[in-house]
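Asker: how would this look folded up:
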Amino acid sequence: MDVRKTFLSWPVIRQLSGPDPLGRGAAAQSARTKELRPRTKTADRVVDSICPYCAVGCGQKVFVSGERVIQIEGDPDSPVSRGRLCPKGSASEQLVNSPSRVTTVLHRRPYTAEWEEIDLDTAMEMVADRVLSTRARTWQDLDDHGHPLRRTLGIASLGGATLDNEENYLMKKLYTALGAIQIENQARI
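Answerer: You can find the predicted model right below:
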């Protein structure tokens, strides 16, 4: 395709000689710009979500094509953010699609010095099995006088300040349901 630029194709000439003398519409558009389409037009579906970065809870519209997130924008229906996102929230698509995103877990077996990669599902199963076995092994139903305890001292939690209020609330509920009593958060210390 041979695209030759002539003096008459200059934007300022198009602006002054056409119906757009202020250069705010067609006069300012190049051929490439006219062909551009928003990424959101290629989405198969739109999923409502919440920004993962802080405790504000800004609403997000996640545009998905196939199994890939192609765009994340603010949700105009959100009473919290009314369609606005901070720079981190606006860039959260990169969190999902980054080529440097870690998708496996490093695991070091007992008494070895080498790390091995295992998939996330296997790692989650290992954690769940260990939590349940620890709870069963350390469960205290009654004290020496027969008073009910219904607790375990084998599980504790120390949350970090990077967790938002909702995450800390859910962790507190989970560990309390498991019978743990040693539940703390770094933001409180």
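Asker: domain map for this structure?
Answerer: As assigned by automatic domain parsing, the chain contains the domains 1-36, 39-97, 104-185.
Asker: buried residues of stretch 38-53, list them for me.
Answerer: A43, I50, C51, Y53 (16 or more other Cβ atoms under 10 Å). (Each C-beta comes from the backbone N, C-alpha and C, glycine too.)
Asker: test my guess that the first one contacts Q71.
Answerer: I take that to be A43. Yes - here A43 reaches Q71: they are 7.1 Å apart, a contact under Cβ atoms under 8 Å.
Asker: mutual contacts of these two, please.
Answerer: Shared contacts of A43 and Q71, defined by Cβ atoms under 8 Å, 6 or more residues apart in numbering, are found at F63.
Asker: quick one: pLDDT of the spatially closest residue to A180 that is not a sequence neighbour?
Answerer: Spatial nearest neighbour of A180, excluding adjacent residues (Cβ to Cβ, 6 or more residues apart in numbering): I155 at 4.3 Å. pLDDT for I155: 95.
Asker: I13 too?
Answerer: Here, the pLDDT recorded for I13 equals 75.
Asker: and the residue lying closest to L153 once chain neighbours are set aside, how many neighbours?
Answerer: Ranked by Cβ to Cβ, 6+ apart and with sequence neighbours excluded, the top spatial neighbour of L153 is T138, at 6.0 Å. For T138, the neighbour count with other Cβ atoms under 10 Å is 14.
Asker: touching, T138 and I155? I think so.
Answerer: Yes - contact criterion Cβ under 8 Å: T138 and I155 qualify, at 7.5 Å.
Asker: show me what the strand ranked longest in the chain is packed against.
Answerer: Scanning the chain for the longest strand, with DSSP state E as the assignment, gives strand 148-159. Helices and strands touching strand 148-159, as assessed by 3 or more Cβ pairs under 8 Å, 6 or more residues apart in numbering; DSSP states H and E, comprise helix 120-138, strand 139-142, helix 165-178, strand 180-185.
Asker: most tightly packed of those?
Answerer: strand 180-185 (a mean of 15; mean count of other Cβ atoms under 10 Å).
Asker: that one - what's its average pLDDT?
Answerer: Here strand 180-185 scores 89 as its mean pLDDT.
Asker: show me the shaky parts of this structure.
Answerer: 1-5, 7-9, 27, 187-189 (pLDDT under 70).
Asker: could you find the residue nearest the spatial middle of it?
Answerer: For the chain, P52 is the residue whose C-alpha lies nearest the centre (Cα atoms, centre = their mean; 4.7 Å).
Asker: what sits against that residue?
Answerer: P52 makes contacts with S92, L95, as judged by Cβ under 8 Å, 6+ apart.
Asker: is I118 in a helix, a strand, or coil?
Answerer: What DSSP: H, G, I helix; E, B strand; the rest coil gives for I118 is strand.
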